[in-house]
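quick one: sequence plus predicted model below, questions after.
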Amino acid sequence: MPELPEVETIRIGLERLIVGKRVVSAEHDYLKSFPNSEDDVKRFLLGQTITDVTRRGKALIISLKSGYSLLVHLKMTGQLVYDGGRVHFGAGHPTSSLVGELPDKSTRVILGFEDGSKLYFNDQRKFGWMRLWPTKLIDELEFFKRLGPDPLSDGFSWQDLARRMQRRSGSAVKPVLMDQSVISGVGNIYADESLWGAKIHPATLIAKLKDQDYRRLHASIREILSLSLSHGGSTDRNYVDAEGKRGNYLKFARVFRRDNEACPRCRTEIKKVKLAGRGTHFCPNCQKAK
DNA sequence: CACTTGACCTGTCCGC
DNA sequence: TGCGGACAGGTCAAGT
């Protein structure tokens, strides 16, 4: 579910809400969601204070004084929701929440803090995970080793984008954009949105892209991720931020989930097709196949 | 080797 | 209302 803007929105919320808090309890019911042993939990999590919350690609790193970190990947339907006891969660409330009373049947892990507040890790489809891992050894995990650069980072140029994408010359551009080892953080929503912004058909082969295409794509990716971040990300179905609130980007989306609507640039009807197994939205006039 | 497909899960929506 | 099938924002292993 969450891509870079959603994970970053959660990170910003957690940084404000849980840094400095001491963990006093941890409950988990589903092994895949939290594979550490009870012994690990006792030694590296319980009694520990949270020192910071960072992000790499779509993963979150919640660091603890013990020298261990809680690594979290939300995959498709994961949520990290903080309950300080003052927020009233009401499922279906239009402005606030998709989250009802917590815990609910999708709750996999509950962390309790010294002040009585709690952090819930919910994950309907059970694809996501949370695990304790030594902070110093994060770079040695395959998952983090493979991650490409963050497209919003300062030093990330259009030449970097071009060079990295060109390693996959035989592929269509959209799956390459979503390949986390090429750049990290773009998923299905922002791949479609970025390609519309750059006027590139999602099935265009990498080998056919020119410098000008990479310049537009680079600008488009950064513009769209920043715009979404400023609206708290996209809520399609499950996504909520650390306080249970929806994101608003989809109100501004140009093609994603807008099939059969008019392209905002040329009024041509937006199409939806399946590409590399994923729902793909584009304007057949602005984004011509090459 | 590079690239594509299926599996992992549950819930929802759509057509019959 | 019930049932089968397709689909959902991610990643990895297995297959071609």
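Cool, the structure landed. Just so we're clear, the structure is a prediction, and the values are computed from it rather than from any experiment.

which ones are touching A:Val182?
With contact set as C-beta atoms under 8 Å, 6 or more residues apart in numbering, A:Val182 has these partners: A:Gly148, A:Arg164, A:Met165, A:Arg167, A:Arg168, A:Val176. No exception for glycine: its C-beta is placed from N, CA and C like everyone else's.

of those residues, just the buried ones, PyMOL syntax please.
To isolate in PyMOL the members of the contacts of A:Val182 that are buried, counting by 16 or more other C-beta atoms under 10 Å, one can use:
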select buried, chain A and resi 148+164+165+168+176
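
kindly reformat the contacts of A:Val182 as a markdown table containing secondary structure, pLDDT and distance to A:Leu205.
What follows is the contacts of A:Val182, written out as a markdown table (DSSP: H, G, I helix; E, B strand; the rest coil; pLDDT from 0 to 100; distance: C-beta to C-beta, whole Å):
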| residue | secondary structure | pLDDT | distance to A:Leu205 |
| --- | --- | --- | --- |
| A:Gly148 | coil | 95 | 20 |
| A:Arg164 | helix | 96 | 16 |
| A:Met165 | helix | 96 | 11 |
| A:Arg167 | helix | 93 | 13 |
| A:Arg168 | helix | 93 | 10 |
| A:Val176 | helix | 96 | 10 |
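
distance to A:Arg267 added to the contacts of A:Val182, as TSV?
Listed next are these as TSV, based on distance: C-beta to C-beta, whole Å:
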residue	distance to A:Arg267
A:Gly148	36
A:Arg164	35
A:Met165	30
A:Arg167	37
A:Arg168	33
A:Val176	29
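
and A:Lys126, which of the three is it?
coil (DSSP: H, G, I helix; E, B strand; the rest coil).

that one: neighbour count?
The local packing of A:Lys126 (other C-beta atoms under 10 Å) involves 15 other residues.

cool, and A:Ala289?
Neighbour count for A:Ala289, taken as other C-beta under 10 Å: 12.

is it true that it touches A:His201?
Yes. At 4.5 Å, A:Ala289 counts as touching A:His201 under the criterion of C-beta atoms under 8 Å.

tell me which helix or strand A:Lys105 sits in.
Secondary structure assignment for A:Lys105, by DSSP states H and E: no helix or strand.

cool, and the one 5 residues further on?
Using DSSP H and E, A:Ile110 maps to strand A:107-113.

residues making contact with the following helix or strand past that strand?
Next helix or strand after strand A:107-113 toward the C-terminus (DSSP H and E): strand A:118-123. Contacts with strand A:118-123, where a contact means C-beta under 8 Å, 6+ apart, come from A:14, A:18, A:33-34, A:72, A:74-75, A:77-83, A:99, A:102-104, A:106-113, A:128, A:130.
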